[in-house]
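A.B. asks: need the 3D shape of this:
(chains A, B and C)
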Amino acid sequence: MDLLLQTIINGIVLGSVYAMVALGLTLIFGILEIPNFAHGALYMIGAYVAFFCISAMGASYWFALVISIGALFVMGMIIERFIYRPFYNQPHISSFIVAVGLIFILENGALVLWGADFRRITPPSNAIFNILGITVTSQRLLVIGFAALLIIAIHFFIKKTRLGAAIEATSQNRDGAQLMGINTGLVGQATFGLGTALAGVAAVLVAPILLISPVMGESVIAMAFVIIILGGMGSFIGAVIGGYIIGLMETMISTFVTSYYTEALIFGVLVVILAVKPTGLFGKEH
Amino acid sequence: MKKTSLCFWFFIVAFMIFLIAPGQTVRAADDDVITIGYSGPLSGGAAKFGLNVQWGLELAADEINALGGASVGGKKYKVRVVSMDDRFQAALTVNNAKRLVQKEGAKMVYNPNSGAIFALMAINEKEKFIIGAYTTTQAVVTSGNKLLFKGPLPMQAYVHAFIEKAWAHGWRTCAMMPDAYEYGKIWSGIFQKAWQAKGGTITTNIPVDFMKTTDYYPMLTKALATKPDVLLLGSSSEPDAIQIRQARELGYKGGFILIERGKLDEIQVFVDNMETLNGCIGSTPLGMTPRDHVKTFAKKFHKKYGADKPLATELGISYANALIYVGAMVVAGTTTDVYKIMDAMLNKTKDVLALPFVKNNDPYGYTGAFPNGALKAKTFGIEVANGKYTKSFVIDTPDAIYTAKE
Amino acid sequence: MTVKKENKKRLIYGFLILLAVSAPLFITGDYPRHIMVMCGIWVISSMGLNLILGYVGQLNLAHGTFFGIGAYATALLIQGLGFSFWVALPVGCLITAILGFLTGLPTLRTKGHYFPITTMCLGISIYYVVARWDALTGGASGLFGLPRPTPIPLPFGREVAFESTVSCYYLVLFFVFLTLLVIARFTRSLVGKRLAAIRSNENLAQAVGINTMRDKVIFLSISTLIAGLAGGLYAAYMGSLMAEQAHFLGSFEMLLNVMIGGVGTLAGPIIGGILLPILTETLHFLGNLRLVVYGILLILIMGFLPQGIAGGLRLATQYYEQRRAAK
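C.D. replies: Below is the predicted model of the structure:
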């Protein structure tokens, strides 16, 4: 097994997850200027929705994925409309605090309803591939492939469709977009749904590799935020590239440098970067 | 505006008094009730474990009550368990313990978190309650605390027994992936010393924070790159299972030593087939140990809590510990004098263990106790070979390890 | 304010202080007293967070971590270097203040979300250092065996010892009053007034020549100092520490206290710091449901009662006053 190559592949898998989550987060931020701190908790809900589809309804993995996407899309829209929207006129700190409240509700709600036990989803295929001295399971390939597909799809969606154009316009200049006749409220709501659904996809894709638990979103959300800050909040490119970079960085550091202090190191470095350039590498001043 | 802030002050303090005042009454030792207090992780990552410990205590209470209660000093007492969640945080454990002792009349507080046990050890002799310490950490019995007993066996026993088995397979190089917490650190420290003393090599040490880890591939990749004969794993059952599965995916063909936090019967559920577990050395799941009373205990447990729940070892230990505790009260003839109770438990252990409700029910097989609070028992390990469990082997526990300094 | 009102105010303050000081006389039982000590510690920490959140308008998500730093610093100075508590505590506070200062310099330049996110990263990073640096902090198992503060000698061969819960209550109460005084001073001072100006319109304030950065950094440093104070008291009282004490989730708990009690008011963190821990104890049986309720409460408060309980009571009293004046 070639350690370096294996590590790179591991990094790309992790990066794919981060990229999807960060993309959802940055889309939401670009339009609504809300740092949806509860994004990780929603990610977790996505995994549970799929789990219950499979275990309680006997659905197939793919069906569960679709259901999860739909459920999270709707959830995202509801949360935007009824929980975040009332606070748009207040200072940014308010939405942050609201998000904290949301996390409390979602995570502990999950604990109360479903217990703290780890759950498991079996992957649709157990095939393992050994190429060039590295090992990749089919599920990991799925993660990489799906992420790439989704990213391209979203890119085209934004650039080529009317709704996508509306989203881009709203994110660049909300008032201007409104003047042009764009229903910014609906656009914002739809974007929130879209971003949340992305998190759901990431969760369902990654669930067969890891374990599902009510706190599974915590580690991901911290990284996701770091990624969009570094990449620039609202920047599509920043989220995607940032996701892969961080994923690779994390895997490389934990494999080659130290796995004991990985988090301390990564977040410490991030603090330094943020202290020097708070708007990130690709971001715009807000 | 100034006036209004005064009102708030008034309300604050008044409210505070209002809420605290009713809580003043100390519950006198209820006339015919023995209260066992339990503070443990009932939510969060360790919740399943915390609940199991609680259920063991409750089953013991049920057992004694079904027999009409415990007869102490000529009076009959019912046993009840009062349980509180401390989310595995020592500060909350201390809060809970005080409440259990002062409001609920508990004379013993059972707890499965070594960090919290240390915090309790700072106050229990002053507040006169016994600590039922569910931990394998030796340090709790070496500090001289007179009101503490320890149920689980010292981890040294497991370490040495597992090393013997691994050695017998011809394995000489080991990559350690213990948990990143205190337990794993101490365990792997003892393991490393013993392994190297025999002439083996430790190829790497990668602590795993199984509560927070997203993906085990990087750590496994790193460990397997050192080409070990055997992997030491230290997470709880499900993360262990994932690590074993993924190690196999990565082409690993060697063995696994499982720190006893991971239970093979629970791990089994999370892998696709038993062949994956070939080469595992671990502690025998309670339900499979060749001990007396295990089958009846299993039946009682499944009847009350559901047939689908695995029979975890901690259930048996807390159950037996509660029986012994009440038994010590019977032998001591008092439900309130904690020193006499401890004396009975540690110095008149034979009498305690001979009591019918202890002798006929103990699924863990306790045989004695040491003055430092450690309870003595035999335990068993097991391996998986050819897709099947092997016969359990006895894990020797010589007296020396119960009284060792660390 | 009229002289009559002024005197009335003094009377009520005096009464409340008397009540707080004499509380152990009518609250007997070790467990309730223990809760009072813990409430005192949380009140101090909440007051610290309120300073940066309510008066500067920035959310320091590393507040819980600064609490932990104060706790570990004090503990290590006592255990490792043999300092007495009375030296270790101020030094611990100084350490957290300096760290807060260093944190504030680069981060308070930004507006909006960057501060919370950066402090969150800082909190996570330091938490992992504390949790993993076994040699220094005991790692995941933490430190234990910390002694109570050494007795204070008094004339005539007597002394004030801190073995009992009641004595610790008074120790914490003393620091509650001290912190309150310091905060009241600062928020009513020129600095506080400047910050109020900044909060309402930062650009205008800057145009008028107010050096916003200096004031913000000062407030952050004091805020973290207070967090460190609470941490040091916690360490000395509890006698043991675990890495969880430095987890940034502790910030969330203080956030709840501050927001529900009433952000930006003097009484708010006190109300929240007493009410929520007590509710937590009494509503124990609800388990995690309790935290769900807190979350809902938080959102509702943000939406309908942004000034929390303190604000609500203020509105109620104003309404009452208006009705009286109308007669």
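A.B. asks: please name the nearest non-neighbouring residue to the spatially most central residue of chain C.
C.D. replies: Within chain C, one residue has its C-alpha closest to the average C-alpha position: by C-alpha atoms, centre = their mean, that is residue C:45, at 1.8 Å. Residue nearest to residue C:45 in three dimensions, not counting chain neighbours: residue C:230, with 3.8 Å by C-beta to C-beta, 6 or more residues apart in numbering or on different chains. The way it works is simple: take the backbone N, C-alpha and C, and place the C-beta from them, glycine included.
A.B. asks: buried residues in the strand or helix carrying the one you found, which are they?
C.D. replies: When secondary structure is defined by DSSP states H and E, residue C:230 falls within helix C:212-238. For helix C:212-238, burial by neighbour count (16 or more other C-beta atoms under 10 Å in any protein chain shown) applies to C:212, C:215-238.
A.B. asks: okay, helices next: where are they in the stretch 1-150 of chain C?
C.D. replies: C:3-26, C:30-50, C:63-79, C:85-107, C:114-132, C:134-137 (DSSP state H, counting those that start in this stretch).
A.B. asks: quick check: buried residues in the first one?
C.D. replies: Read it as helix C:3-26. Taking 16+ other C-beta under 10 Å as the neighbour-count basis, helix C:3-26 is seen to contain the buried residues C:12, C:16, C:19, C:20, C:23, C:24.
A.B. asks: with the fifth one instead?
C.D. replies: Neighbour-count burial for helix C:114-132 flags C:114-132 (criterion: 16+ other C-beta under 10 Å).
A.B. asks: which residue of chain A sits farthest from its center?
C.D. replies: For chain A, the largest distance from the centre (C-alpha atoms, centre = their mean) belongs to residue A:179, which lies 31.4 Å off.
A.B. asks: need the pLDDT of that one.
C.D. replies: Per-residue pLDDT puts residue A:179 at 82.
A.B. asks: tell me where the model's unsure across the stretch 1-150 of chain A.
C.D. replies: Across the stretch 1-150 of chain A, the ranges flagged by pLDDT under 70 are A:1.
A.B. asks: which bits of it sit near chain C?
C.D. replies: By C-beta under 8 Å from any C-beta of the partner chain, the part of the stretch 1-150 of chain A that sits against chain C consists of A:35, A:83, A:86-87, A:90-94, A:96-98, A:100-109, A:111-112.
A.B. asks: my read is that residue B:203 contacts residue B:227, right?
C.D. replies: Yes: in this structure, residue B:203 is within contact of residue B:227 by C-beta atoms under 8 Å, at 7.3 Å.
A.B. asks: the residue farthest from the centre of chain A and chain B, how far apart?
C.D. replies: In this view, residue A:179 and chain B are 42 Å apart by C-beta to the nearest C-beta, to the nearest Å.
A.B. asks: can you list phi and psi of that residue for me?
C.D. replies: In terms of degrees, to the nearest 10, the main-chain angles of residue A:179 are phi -60, psi -30.
A.B. asks: what's the answer for residue A:233, then?
C.D. replies: Summarising the backbone geometry of residue A:233 under the convention degrees, to the nearest 10, its torsions are phi -70, psi 120.
A.B. asks: which helix or which strand is home to the closest residue to it other than its chain neighbours?
C.D. replies: Nearest residue to residue A:233 in three dimensions, chain neighbours excluded: residue A:29, at 4.7 Å (C-beta to C-beta, 6+ apart). Assessed by DSSP H and E, residue A:29 sits inside helix A:3-32.
A.B. asks: give me the buried positions along that helix.
C.D. replies: Of the residues in helix A:3-32, A:3, A:6-32 count as buried by neighbour count, 16+ other C-beta under 10 Å.
A.B. asks: what of stretch C:186-199?
C.D. replies: Buried, per 16+ other C-beta under 10 Å, within stretch C:186-199: C:186, C:187, C:191, C:192, C:194, C:195, C:197, C:198.
A.B. asks: now do the helices in chain A.
C.D. replies: Assigned by DSSP state H, chain A shows helices spanning A:3-32, A:39-57, A:61-79, A:92-114, A:138-160, A:162-172, A:174-179, A:184-206, A:216-231, A:236-252, A:262-276.
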